[in-house]
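My questions are about this predicted structure, shown below with the sequence.
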Amino acid sequence: MADTLNYKCPNCGGELKFDSDKQKMFCVFCDSEFEVSEFAAKDEELDTAKPKEKPEWQEGEQDGMFIYQCSHCGGEVVGDDTLAATTCPFCDMPVVLKSQFRGDLKPEYVIPFKIKKDEAVARLAQFCKGKKLLPKSFLANNRIESIKGLYVPFWLFDCNADANMTYEATRTSTWSDANYIYTKTDFYEICREGSIAFDNIPIDGASKMDDAYMESIEPYNYDDMVEFQSAYLAGYLADKYDVDVTASTPRAEARIDASVKQMFADTVKGFGSKRLVSSNINHKYGDKSYALLPVWILSTRYNNEIYTYAMNGQTGKFIGRLPIDKGKARAYLLSIMSGIGLVAGLIASFIFL
């Protein structure tokens, strides 16, 4: 039995892909459309195949690499140990690697893509608008090296955080008489206690993904999250997790703690200063779910340097690093310094009048 799942049109046998606009399976040959639920039976095959390691490779070459057989053309699909969905290099059919979804590796949920490839490219141009230090030639001369729609594995944590915190705060008042200026500082000990519930805190379970990028394209709208079906992966890439839920928990706790501290601090108002003296946060975890979330990854080349961008495949939120025109940067800095010099000159003129 082949190691992969392929999705073929029941009408013409052509290639089926998941259409993010229609949220349906779409045949690229006869334009037929099908509900994703019509292919639910395909997922029963997910536990039936194991990857084949390539026997003729030299020692060490095949570490972390596997060979899968395309069920459509019989060609070999090479992937690393986290690849879960891709395209056959021989017949160009979308394939799902069944062995990557066995047992605990099968996601519980997926948020389907809602934004297509051409819109992802257009978002790069929008992202560049208004960037004063961007070289004029960037959009004209850069080259998109690659663009891929990738389902990234995430752990979603539900947690109730019970916390108590103590702050030291001050409030200062000043008054004067004919001879002196008086300053009075009052010191306060402020205690806060309460519980905060968190749902679906996302922690990406792929070690090769940049955590800062993944957090920057949040939030996702979990109202669109549905039970996992491999049909949603057709036409996209997907990875399985290589950072398990236990290893992901410290990052979840760090995000919870940062949010709790900020929320509690925001309740301490009306003081001139405040300082956190002590904090105690108790985590009571609920569900810990495994889900695939949609991300567009774009790489562009400009002046022989690669710039990588990430975009939320559901909401379109776009992040990444842009090049800086050094000439514009120098001129901008000089204008700031000139402005500071002008202000300083005006202040001096008033002082010596």
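Nice, I can see it. Residues are numbered from 1 along each chain as shown.

SS state for I115?
With DSSP: H, G, I helix; E, B strand; the rest coil as the basis, I115 sits in coil.

again with A41
With three-state DSSP as the criterion, A41 reads helix.

Look up the pLDDT of it for me, please.
Per-residue pLDDT puts A41 at 81.

Run a quick neighbour tally on it.
8 (other C-beta atoms under 10 Å). The way it works is simple: take the backbone N, C-alpha and C, and place the C-beta from them, glycine included.

A178: helix or strand, and which one exactly?
Using DSSP states H and E, A178 is not contained in any helix or strand.

Residues touching stretch 174-182, excluding its own?
Here stretch 174-182 makes contact (C-beta atoms under 8 Å, 6 or more residues apart in numbering) with T183, K184.

what is the rounded mean pLDDT of that stretch?
pLDDT averaged over stretch 174-182 gives 91.

so where's the longest strand in the chain?
strand 143-176 (DSSP state E).

in that strand, what counts as buried?
Residues of strand 143-176 classed as buried by neighbour count (16 or more other C-beta atoms under 10 Å): 147, 149-157, 159, 161, 163, 165, 167, 169.

For I217, state which of these is nearest.
If you rank the buried residues of strand 143-176 by distance to I217 using C-beta to C-beta, V152 comes first, at 10.0 Å.

Thought I297 was touching that closest one, still the case?
No. With contact defined as C-beta atoms under 8 Å, V152 does not count as touching I297 (9.2 Å).

looking at it, A169 is touching K274, isn't it?
Yes. Using C-beta under 8 Å, A169 is in contact with K274, at 4.3 Å.

Next, the residues that contact the host helix or strand of I319 from outside, please.
If you go by DSSP H and E, I319 is part of strand 318-320. With contact meaning C-beta under 8 Å, 6+ apart, strand 318-320 is reached by 123-124, 126-127, 213, 216-217, 298, 307-312.

try 7 Å this time
With C-beta atoms under 7 Å, 6 or more residues apart in numbering as the test, strand 318-320 has contacts from R123, F127, Y213, S216, I217, Y307, T308, Y309, A310, M311.

And those residues, which is closest to V36?
Distances from V36 to those, taken by C-beta to C-beta, are shortest for M311, at 22.8 Å.

Please name the nearest non-neighbouring residue to that closest one.
Spatial nearest neighbour of M311, chain neighbours left out: W296 (4.2 Å); criterion: C-beta to C-beta, 6 or more residues apart in numbering.

can you check N6 too?
Looking at N6 with C-beta to C-beta, 6+ apart, the closest residue is H72, at 4.4 Å.

So that neighbour belongs to a helix, correct?
No. Assessed with three-state DSSP, H72 is coil; it does not lie in a helix.

Show me whatever sits in contact with both of A169 and K274.
Counting by C-beta under 7 Å, 6+ apart, the common neighbours of A169 and K274 are V268.

buried residues in the helix or strand hosting V295?
Element membership of V295, judged by DSSP H and E, is strand 273-302. Within strand 273-302, the residues that qualify as buried are 274, 281, 283, 288-298, 300, 302, counting by 16+ other C-beta under 10 Å.

next one: stretch 258-274
Buried-residue list, stretch 258-274, by 16+ other C-beta under 10 Å: V260, F264, V268, K274.

how long is it end to end?
17 Å (C-alpha to C-alpha, to the nearest Å).

Could you list the domains of the chain?
Using automatic domain parsing, the domain parsing of the chain gives 4-106, 117-147+154-208+240-322, 325-353.

Read off the pLDDT value for N304.
pLDDT for N304: 82.

meant to ask about L16
At L16, pLDDT is 85.

Check Q62 too.
pLDDT at Q62 comes out at 49.

Use 780 as the first number for this chain going forward.
Yes, from this point I'll number from 780; that puts the last item at Q841.

So which residue is smack in the middle of the protein?
M993 (2.4 Å; C-alpha atoms, centre = their mean).

tell me what the host helix or strand of that one is packed against?
Using DSSP H and E, M993 maps to helix 990-995. Judged by 3 or more C-beta pairs under 7 Å, 6 or more residues apart in numbering; DSSP states H and E, helix 990-995 has no packing partners among the helices and strands.

and it, which residues are buried?
Result for helix 990-995 [16+ other C-beta under 10 Å]: buried residues Y992, M993.

any idea which helix or strand comes after it?
strand 1005-1006.

could you say what helices and strands the helix or strand following that following strand packs with?
Downstream of strand 1005-1006, the next assigned helix or strand under DSSP H and E is strand 1016-1018. Judged by 3+ C-beta pairs under 7 Å, 6+ apart, the packing partners of strand 1016-1018 are strand 862-866, strand 922-955.

Which residues does the following helix or strand past the first one contact?
Translated: strand 862-866. Next helix or strand after strand 862-866 toward the C-terminus (DSSP H and E): strand 873-876. Applying C-beta under 7 Å, 6+ apart, the contact partners of strand 873-876 are 782-786, 794, 796, 847, 849, 856, 858, 862-867, 1009, 1012-1014.

Thanks a lot, catch you later.
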